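return atomic coordinates for the entry below.
(2 chains)
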Number of protein chains: 2
Amino acid sequence: MKDTATVTAAMLAIGDELLSGRTKDKNIGHLADLLTLSGIDLKEVRIVADEEDAIVEALNALRSRYDYVFTSGGIGPTHDDITADSISRAFGLPCIHDPAAMTLLAEMYKRREMEFTEARQRMARMPQGAKHIPNPVSTAPGFIVENVYVMAGVPQVFQAMVDNILPMLKTGAKMLSRAIPCPYGEGDIGMLLAAIQKTHPDTSIGSYPKYDGQRFSTELIVRARESQALDAAARAIEDMIADLRKRNTAANPSPDA
Amino acid sequence: MKDTATVTAAMLAIGDELLSGRTKDKNIGHLADLLTLSGIDLKEVRIVADEEDAIVEALNALRSRYDYVFTSGGIGPTHDDITADSISRAFGLPCIHDPAAMTLLAEMYKRREMEFTEARQRMARMPQGAKHIPNPVSTAPGFIVENVYVMAGVPQVFQAMVDNILPMLKTGAKMLSRAIPCPYGEGDIGMLLAAIQKTHPDTSIGSYPKYDGQRFSTELIVRARESQALDAAARAIEDMIADLRKRNTAANPSPDA
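Residues are numbered from 1 along each chain as shown, chains lettered A, B, ... in the order given. Predicted structure coming up:
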């Protein structure tokens, strides 16, 4: 596949609850969908525990390797929310109570006639000089340091923050894709498909077995950055399926992969 | 938290479709649940694309660091299934058509009166000397090399394989946990909770904001390997909540985090 104008990204999901199974992550799939639509290639995801060393190490590995890193989780007011400290350490910056965030939060709590407790003040902490990511749901902002976008773990808040940052991001040539359902199992089409992939190097052809409890079929996905290349590969696949039907060499959808 | 008898694990989920958003992963949460029940600490998860370098690098990082690594995806019969090759390369082993797997698959296809195509034979490939993980759903086995367990990505097959390997694994002292629902937002309890965590160092207290679209509440999770420690911390948290109710300093559940 051509490497022109690709923009790459990684996601770092932070939280013991994701690793214990108590919470089933919803943010990875959501971000993946939106980045794909935007022409940004999500290349890697890591999930780590609420442990400073683990967060710092993963963040430093990812931020040097990809154009963008998006994190979720660990920016609330409790003792186990250590993302702001960890990101600060990764960048060698002091972790401060950001004055603008303090003002935002103080005003919000005043309006609601609630005490702006020390715990709540923790939500204004971020690396010195970080930019805010607005949080229309619950006010406490996410933040941006260089190519790292730090967001909340609660899906409603994460999603609102993602909506706010997407328009700021540089995007690559959008990846086009086409899904072609195939009634044959992968075992029937594997070699034919490999040959098609070989003659269409500007595309990426993915084969995804489906299993309904009784038998396998296949969904074929062609991806390319140029529509001509996409069309050509898709046509070759459709011809392959038509040909198999005609030859009837695999007349019955296979019960195997 | 005490570090006695912990057994650690990582998961490596392999597949472009997870990173494009086309497939929403179901295996991570499933494995996380079962490992937690077994007393094995899942410490890290990575999701990488169907790219050999990415798989090899992630696998080598994880297998040297944790007691077990569990992988999902990329062991089917098509050209984009490159997990067997990648695992072989990571271990410096030749990737061969395993004779016992060839026999298993050949017999299954004979029984079903289907051709044992070159593509289907790809599913017998694994690093030389690898042990099988039985696959009661669709026959093609997963495999084990040292501390790495390689399984299918299709959730029904992944789950059946996990069921087969769990009894083989050494397990640690089981992590006990208790959930305590808390009607107060994290901002009301953050500092009190931090103090409780400090006086109960043999436990890990997690605080998880819940947001129902209108207001936040909190679920508190105490985890410990010893029931006495668990009970003591849970009691301290319940006392804290009762105390807040009595003092009525935060009579209404907070609309904030």
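
show me the shaky parts of chain A.
Along chain A, the parts satisfying pLDDT under 70 run over A:1-4, A:248-257.

the nearest residue to residue A:62 once chain neighbours are set aside and residue A:70, how far apart?
Using C-beta to C-beta, 6 or more residues apart in numbering or on different chains and skipping residues adjacent in sequence, the residue nearest residue A:62 is residue A:10, 4.2 Å away. From N, CA and C alone the C-beta is placed, and that goes for glycine too. Applying C-beta to C-beta, to the nearest Å, the value for residue A:10 to residue A:70 is 8 Å.

ditto for residue A:188
39 Å.

looking at these two, which is more packed in?
residue A:70 (29 against 26; other C-beta atoms under 10 Å in any protein chain shown).

surely the more buried one forms part of a strand?
Yes. The assignment for residue A:70, made by DSSP: H, G, I helix; E, B strand; the rest coil, places it in a strand.

could you give the bridge partners of it?
residue A:11, residue A:149 (DSSP bridges).

just residue A:96 next, same as before
residue A:126.

looks like it contacts residue A:126 (just checking).
Yes. Look at residue A:96 against residue A:126 with C-beta atoms under 8 Å: they come within range, at 7.2 Å.

more crowded one of the two?
residue A:126 (27 against 17).

now that one: how far from residue A:99?
11 Å.

again, but for residue A:247
73 Å.

same thing with residue A:158?
25 Å.

which one's more surrounded, the two?
residue A:158 (24 against 9).

which SS state does the more buried one fall under?
helix.

contact partners for it?
Neighbouring residues of residue A:158 by C-beta atoms under 8 Å, 6 or more residues apart in numbering or on different chains: A:27, A:30, A:72, A:151-152.

these in helices, which ones?
When these are checked against helices (DSSP state H), the matches are A:27, A:30.

and the contacts of residue A:158 near chain B, which?
residue A:30 (C-beta under 8 Å from any C-beta of the partner chain).

the contacts of residue A:158 into a markdown table, with extra columns for neighbour count?
Shown next, in a markdown table, are the contacts of residue A:158 (neighbours: other C-beta atoms under 10 Å in any protein chain shown):
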| residue | neighbour count |
| --- | --- |
| A:27 | 24 |
| A:30 | 17 |
| A:72 | 31 |
| A:151 | 28 |
| A:152 | 31 |
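
max pairwise distance over the contacts of residue A:158: which two?
Maximum pairwise distance in the contacts of residue A:158, criterion C-beta to C-beta, is 12.8 Å, between A:30 and A:152.

identify the residue spatially nearest to residue A:44, adjacent ones excluded.
residue A:10 (4.5 Å).

same question but for residue A:241, I mixed them up
residue A:182 (5.7 Å).

the one you found and residue A:218 touch, don't they?
Yes. Judged on C-beta under 8 Å, residue A:182 makes contact with residue A:218 at a distance of 4.3 Å.

so which of those two has more stuff around it?
residue A:218 (26 against 23).

which is the succeeding secondary structure element to the helix or strand where that one lies?
Applying DSSP states H and E as the criterion places residue A:218 in strand A:216-224. Next helix or strand after strand A:216-224 toward the C-terminus (DSSP H and E): helix A:227-247.

that following helix to strand A:216-224, inter-axis angle?
Angle, helix A:227-247 to strand A:216-224, by axes from the mean of the first three to the mean of the last three C-alpha atoms, to 10 degrees: 150 degrees.

tell me what helix A:227-247 is packed against?
strand A:176-182, helix A:186-199, strand A:203-211, strand A:216-224 (3 or more C-beta pairs under 8 Å, 6 or more residues apart in numbering or on different chains; DSSP states H and E).

make a markdown table from the ones you listed and add distance to residue B:110 to it.
Listed next are these as a markdown table, based on distance: least, C-beta to C-beta, whole Å:
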| stretch | distance to residue B:110 |
| --- | --- |
| strand A:176-182 | 24 |
| helix A:186-199 | 14 |
| strand A:203-211 | 21 |
| strand A:216-224 | 18 |
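
how about these, which one is nearest residue A:49?
Nearest of these (C-beta to C-beta): strand A:203-211, 30.8 Å.

what residues does the closest one touch?
A:1, A:185-186, A:189-190, A:193, A:196-197, A:216-224, A:229-230, A:232-233, A:237, A:257, B:16-17, B:22-23, B:50, B:76, B:78-81, B:137-138, B:154, B:156-157.

can I get the buried part of the residues you listed as one PyMOL selection?
Typed into PyMOL, the line below selects the buried ones among the contacts of strand A:203-211, using 16 or more other C-beta atoms under 10 Å in any protein chain shown:
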select buried, (chain A and resi 185+186+189+190+193+196+197+216+217+218+219+220+221+222+223+224+229+230+232+233+237+257) or (chain B and resi 16+17+22+23+50+76+78+79+80+81+137+138+154+157)
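
and residue A:88, backbone torsions?
phi -60, psi -50 (degrees, to the nearest 10).

ignoring the adjacent residues along the chain, who's closest to it?
residue A:95 is the one closest to residue A:88 (C-beta to C-beta, 6+ apart), at 3.7 Å.

what does residue A:86 give?
residue A:55 (3.8 Å).

double-check that neighbour against residue A:82; I have them as touching.
Yes. Using C-beta under 8 Å, residue A:55 is in contact with residue A:82, at 7.3 Å.

what residues are shared contacts of these two?
Joint contacts of residue A:55 and residue A:82 (C-beta under 8 Å, 6+ apart) are residue A:74.

looking at those two, which one has more neighbours?
Neighbours per residue (other C-beta under 10 Å) separate residue A:55 from residue A:82, with residue A:55 holding more: 25 against 18.

return the residues in contact with that one.
A:12, A:14, A:48, A:74, A:82-83, A:86-87, A:90.

how many residues are close by residue A:187?
30.

go on, residue A:214?
6.

residue B:36 versus whichever residue of the stretch 1-150 of chain A sits closest to chain B, what's the distance?
Using C-beta to the nearest C-beta, the closest approach of the stretch 1-150 of chain A to chain B is made by residue A:119 at 2.4 Å. Separation of residue A:119 from residue B:36 (C-beta to C-beta): 28 Å.

between those two, which is the more surrounded one?
residue A:119 (25 against 19).

list the contacts for the more buried one?
A:77-78, B:186-191, B:194.
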